[in-house]
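> only geometry, no sequence info:
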């Protein structure tokens, strides 16, 4: 009988091995299976690159134990300074016996799923998709700025004029910017795009206006249409926990390729990010609209 295995993220192959045809469960990989909908007790083995956030990590560990058959093997690892040092304690709290070792600055924990796992339901409820801010919005730990409006998006929302026509929200998160854009009756459609499935699931609940649609995809490769009238975005600048200044520049390239002539891109960025050269090269006109509290707001016209 073949072994059924699951993978979360991309652990270094020199620290944990997995077959090429393994089922991926990371919400940051469009097309991957969802931890939430997979059959309980269906996997023989799972390998996890544990995320750094405490609530998110405990959720992933609990979900993995939920999917494993009793006696199934779980390997969970992470850099020591990004949550790896806590994995063994967290698995022990679920009733697991853990063997831990250190290699290449990672903590690698191996356990087998016990017959009964303690506290799974509580953890899944505490760190799953949920209502926050007094029930005003849906979100989930692990999503960018998961339990509050981030100050950069707030500043962009303050600067946005009423928009019109067809548009897109690139890296939409849980939908704050789209909700603000849809306050204009002249907006006919907005496609919300994000690489995080959890954000897309929350955005669907937060933005129920029929003019809005969602796309779970990497913005850099996403088909968001052509000749759009506007784009709004708060591009990410971290990938895999490390700062990636090029990532936001790829978002700008995507926006420039999707807008019609005279179409407008509204962008917020942390002040230190080097987006000016890309904006000036790809757009007819780029204007710094606001520079406050560590953030810059740009209006760029194609």
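Perfect, thanks for sending it. Small disclaimer: the values here were computed from a predicted structure and weren't measured.

> from here on, contacts and neighbour counts on C-alpha atoms
OK.

> helices of this protein, start to end?
Taking DSSP state H as the criterion, the chain contains helices spanning 54-67, 87-93, 120-127, 151-159, 176-181, 197-206, 245-258, 276-282.

> buried set for the last one?
By neighbour count with 16 or more other CA atoms under 10 Å, helix 276-282 contains the buried residues 278-279, 282.

> and what of the second one?
In terms of neighbour count (16+ other CA under 10 Å), helix 87-93 has its buried residues at 87-88, 90-91.

> please apply the same query to the third one.
For helix 120-127, the buried set under the neighbour-count rule, 16+ other CA under 10 Å, comprises 120, 123-124, 126-127.

> quick one, what contacts residue 74?
45-48, 64-65, 68, 110-113 (CA atoms under 8 Å, 6 or more residues apart in numbering).

> let's see it at 10 Å
Counting by CA atoms under 10 Å, 6 or more residues apart in numbering, residue 74 makes contact with 5-6, 43-48, 61, 64-65, 68, 91, 98, 109-113.

> among those residues, which ones are in strands?
5-6, 43-48, 68, 98, 109-112 (DSSP state E).

> burial count for residue 16?
15 (other CA atoms under 10 Å).

> that one against residue 108, yeah?
Yes. In this structure, residue 16 is within contact of residue 108 by CA atoms under 10 Å, at 8.6 Å.

> which residues are common contacts for the two?
The contact sets of residue 16 and residue 108 overlap at 48-49, 75-77 (CA under 10 Å, 6+ apart).

> look up how far residue 236 lies from the residue positioned nearest the centre of the chain.
Centroid check for the chain by CA atoms, centre = their mean gives residue 196 as the closest residue, at 3.2 Å. From residue 196 over to residue 236 the distance is 11 Å, taken as CA to CA, to the nearest Å.

> ok, back up a step: the helices of the chain: which one's closest to residue 225?
Closest to residue 225 of those, according to CA to CA: helix 245-258, at 6.3 Å.

> ok, the residue nearest to residue 197 when sequence neighbours are not counted - contacts?
With sequence-adjacent residues excluded and distances taken as CA to CA, 6 or more residues apart in numbering, residue 197 is closest to residue 27, at 5.0 Å. Applying CA under 10 Å, 6+ apart, we find residue 27 in contact with 8-9, 33-35, 142-143, 195-200, 216.

> so residue 192 makes contact with residue 171?
Yes. When contacts are counted by CA under 10 Å, residue 192 is listed as touching residue 171 (7.4 Å).

> next, give me the two most distant ones among the shared contacts of residue 16 and residue 108.
Greatest spatial distance among these (CA to CA): 49 and 75, at 8.6 Å.

> tell me, what's touching those two both at once?
Jointly contacting residue 49 and residue 75 under the rule CA under 10 Å, 6+ apart are 7, 16, 108.

> contacting residues for the second one?
Contact analysis of residue 16 by CA under 10 Å, 6+ apart lists 10, 47-49, 75-77, 108.

> which one of those has the most neighbours?
When neighbours are taken as other CA under 10 Å, the top entry among the contacts of residue 16 is residue 77 (28 neighbours).

> just to revisit the earlier point, pLDDT for the shared contacts of residue 49 and residue 75 - can I get that in CSV?
Below are these laid out as CSV (pLDDT from 0 to 100):
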residue, pLDDT
7, 97
16, 92
108, 97
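
> closest one of these to residue 268?
Checking those against residue 268 with CA to CA, the nearest one is residue 7 at 34.2 Å.

> right, and that closest one touches residue 45 too?
Yes. Counting by CA under 10 Å, residue 45 is a contact partner of residue 7 at 8.7 Å.

> neighbours around the nearest residue to residue 39 once chain neighbours are set aside, how many?
Spatial nearest neighbour of residue 39, excluding adjacent residues (CA to CA, 6+ apart): residue 67 at 6.5 Å. Neighbour count for residue 67, taken as other CA under 10 Å: 23.
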